[in-house]
Structures are given as structure tokens and as C-alpha cells.
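Q: here is my input, please return the structure:
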Amino acid sequence: MEHEQWDAILASVLPRYGVQVRGIEPLDDTTALIISDRGAKRLRIDTDERRVHRRHALWEHLAKQGFRRVPRHIRTLYGEAIVQADGAFCTLSDEWEGRVPEVMPLDMRLAGRNLARLHQVVKGLELGEEIALPKRHGTWLTRFAKVGDELEQRYVNWNEFRQRNALQDRFVEHFEWIAEQVGIAVEGLTAGRYEELARRAEQEGAFALGEYRLNDLRIDYEGRVATLHIDDAVADLPLYDAAKFALGLVERGENQMATLFLDSYAETMGLSQQEVVVIDSYLAFPHAAYRHLSQYNRLKRGADVFAERLESAVREAQSRLPMLYGAGSARWV
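A: As a prediction, this is how the structure comes out:
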């Protein structure tokens, strides 16, 4: 954003909040830190009206349900939560101080507990059609099964090639294991009655953040966690956030940290065996292997590079226990 546009927006927007501005520090093209007589604030400028109204509705929903450590939009002296200026949509929120969590035991427990507390209040969301969340309720089982069919067909095709590139060789070599993992995931979702959980979540108006990242959290000196990002929210089973976050840790070789995170999340949420099985099923799916295959299929080049990535993903996954959280011992309840 040009300096002139910034200046025009700041001059027209900030006075509406009735704060005494003592300093302004642009952070990037869309945000600025405002030092005021009422503490540090963050001004955010958006051009996507739908996104900013959806964000506002989601923060309001969480705050009204008691989950208040979020950047709720401050209202102007005239009652506006969103100010339109110079073709942009502006919001002001408190600047949450604290450190970014690290991959260590204390922070993983805090992150798990924070996500669980958030998930305890996501029910009852009602959004207008114009800002509705992307609908993904009940799609895991269909998506995993579809991937299984796709990979089986790819194996049939590539196995018949007289000459295969490096990636195709690796895939044919590891197909049996990859297919087995897909089968475990599908079997687990079925046994865990995933579709029943998904229907209930949809009926209750529950949603998932879509992306739960350490960079979007802040931990203060008292150990309280603030959650700063909600733009990727989807109408999906809230368990998706926990499973995806744990998967990211597992793929980095942080199995113990993933277990600590899930233990904290499960204890705070009071997860049922059914829900544990669903999380484990998500983790059993060969996400990394399929991701590398899909990237190669899209780019149609770099076979040697993707062959190495596929090999690494398979070897890493084979070296850890099939079930991270222990539901595998039920096999399947």
C-alpha cells in the first residue's frame, strides 16, 4: 500500500476511535501497530469485504461464548466494528503481547489446552450465506477412499511401464505400504463412526480453525494463550485442528511433542474413545507420501527430487508406531 493511501486511511479512521495516538509503526502492507493512550493496538486493512465481515463474526462468536483472548474488533465512538475508508475495510484490535510458543513440553501442553477450550465454544455458529464457511463436514472418509482408488489406478498404470522414472519406481516399490495405510485410515474412520461425529458437529453448528499454528499464538508471562488467526476457518469437525497440528509435529519427527499436545487436548476436551480413534485414523493416512505424488503429478517434472521426498516420507513413517495416540490397541472398538 502506498504511503499516501496509508496516511489518508490513518487520518480518517483513527479519530473515529477516540484514542490519542502516540506512535504508529507499519508492520506490513496491511497492518500497523498503533501506540495509544489505551495501550498498543493493531490496525488491519483489508480489501476483501466478505473476509473481514466473516472474521468479525467468528471473533464475536468466540468472545461471546467466553473465549476472549482473541483480537476482537474494537468499536468506534459511533458503534462501528468495521470502518470503510478509501475502498478498504479497517479494523482495530488490542495487540496481544507475549512470546510465540516453541516445540517444547510446556508449550505443547498449553497449545493443546488452548485449542480444546476454543473447541468447547465453537458450537452454535450462525453465519449469513454471504459469509458462510467453506463446507467440509463429513468429507474425510470419502476423500481418503477416493485417494485409495486413485493410487491403486496409478499403481496399475505405472507398474505396466517398461521404463519408469525414479519417482514411479519408488511408488511401485512402496505401493503396498501406502495402500495399507490408506486402508487403516478408512477402516479406522468407519470403526470410529466418523460420519456420526461429522453429522453431529454440522447439526450443532461447530467449525474448525482450519489452520492452528504456533506463529498465530502468543503466551504471556502467566501462561495464558491468545489466538490471533481465524481466516482459514472451515465448517468441519473441530477434531481436524488437533489432528492436523499433531500431524505437523509427527512429520517433523516430534512424536513425543505430538503426544503431549494430544494428551493435553484430550484431557481438556474429555475425548471419547470414538474421537481418539478418528484422530488416530487421520494420522495413519499417508499424507506426506500422497502430497509428494500429487505435487509431481501437477508439475510433471522433478521426478528425482520427488522420488527422494517420497522415499524419505515412507521411511520416516515406517520408523514410527502406526498409531500415535494408542487407539490402535483397540483395533478397532
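
Q: from the contact counts, what lies against the longest helix belonging to the chain?
A: Longest helix of the chain, by residue count under DSSP state H: helix 166-191. Helix 166-191 sits against helix 140-159, helix 273-284, helix 287-299, helix 303-318, with contacts defined as 3 or more CB pairs under 8 Å, 6 or more residues apart in numbering; DSSP states H and E. No exception for glycine: its C-beta is placed from N, CA and C like everyone else's.

Q: pick the most buried one from those.
A: Among the helices and strands packed on helix 166-191, the stretch with the highest mean neighbour count (mean count of other CB atoms under 10 Å) is helix 273-284, at a mean of 23.

Q: can you give me the helices for the protein?
A: Going by DSSP H, the chain shows helices at 3-13, 49-64, 105-119, 140-159, 166-191, 194-203, 239-251, 255-269, 273-284, 287-299, 303-318.

Q: turn those helices into JSON lines, columns for mean pLDDT and distance to Cys90.
A: Below are these laid out as JSON lines (pLDDT from 0 to 100; distance: least, CB to CB, whole Å):
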{"stretch": "helix 3-13", "mean pLDDT": "77", "distance to Cys90": "5"}
{"stretch": "helix 49-64", "mean pLDDT": "97", "distance to Cys90": "9"}
{"stretch": "helix 105-119", "mean pLDDT": "98", "distance to Cys90": "26"}
{"stretch": "helix 140-159", "mean pLDDT": "97", "distance to Cys90": "38"}
{"stretch": "helix 166-191", "mean pLDDT": "96", "distance to Cys90": "43"}
{"stretch": "helix 194-203", "mean pLDDT": "97", "distance to Cys90": "34"}
{"stretch": "helix 239-251", "mean pLDDT": "96", "distance to Cys90": "29"}
{"stretch": "helix 255-269", "mean pLDDT": "95", "distance to Cys90": "35"}
{"stretch": "helix 273-284", "mean pLDDT": "94", "distance to Cys90": "38"}
{"stretch": "helix 287-299", "mean pLDDT": "95", "distance to Cys90": "37"}
{"stretch": "helix 303-318", "mean pLDDT": "95", "distance to Cys90": "42"}
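
Q: Leu77 is nearest to which of those helices?
A: helix 3-13 (12.0 Å; CB to CB).

Q: what are the buried residues along that closest one?
A: Neighbour counts over helix 3-13 (16 or more other CB atoms under 10 Å) mark 6, 9-10, 13 as buried.

Q: likewise stretch 167-177?
A: 167-171, 174-175.

Q: repeat for stretch 89-103
A: Buried-residue list, stretch 89-103, by 16+ other CB under 10 Å: 89-96, 98, 101, 103.

Q: CA atoms only for that stretch - export them in PDB, please.
A: Taking Å, rounded to 0.1, in the frame of the first residue of the first chain, the C-alpha atoms of stretch 89-103 are listed here in PDB:
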ATOM      1  CA  PHE A  89     -12.200  -2.100   5.300                       C
ATOM      2  CA  CYS A  90     -10.400  -1.200   8.600                       C
ATOM      3  CA  THR A  91     -10.500  -2.900  12.000                       C
ATOM      4  CA  LEU A  92      -8.700  -2.100  15.200                       C
ATOM      5  CA  SER A  93      -8.000  -4.700  17.900                       C
ATOM      6  CA  ASP A  94      -5.800  -5.000  21.000                       C
ATOM      7  CA  GLU A  95      -2.200  -6.000  20.500                       C
ATOM      8  CA  TRP A  96      -1.700  -9.300  22.400                       C
ATOM      9  CA  GLU A  97       1.700  -9.300  23.900                       C
ATOM     10  CA  GLY A  98       3.600 -12.500  24.600                       C
ATOM     11  CA  ARG A  99       6.000 -14.900  23.100                       C
ATOM     12  CA  VAL A 100       5.500 -17.300  20.200                       C
ATOM     13  CA  PRO A 101       5.200 -20.900  21.500                       C
ATOM     14  CA  GLU A 102       8.100 -23.300  20.900                       C
ATOM     15  CA  VAL A 103       8.100 -27.000  20.300                       C
END
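
Q: what separates that stretch from the chain centre, distance-wise?
A: Here the centre of stretch 89-103 is set off from its chain's centre by 17 Å, with CA atoms, centre = their mean, to the nearest Å.

Q: related to what we said a few turns ago, the longest helix of the chain to helix 287-299, inter-axis angle?
A: Here the directions of helix 166-191 and helix 287-299 differ by 130 degrees (axes from the mean of the first three to the mean of the last three CA atoms, to 10 degrees).
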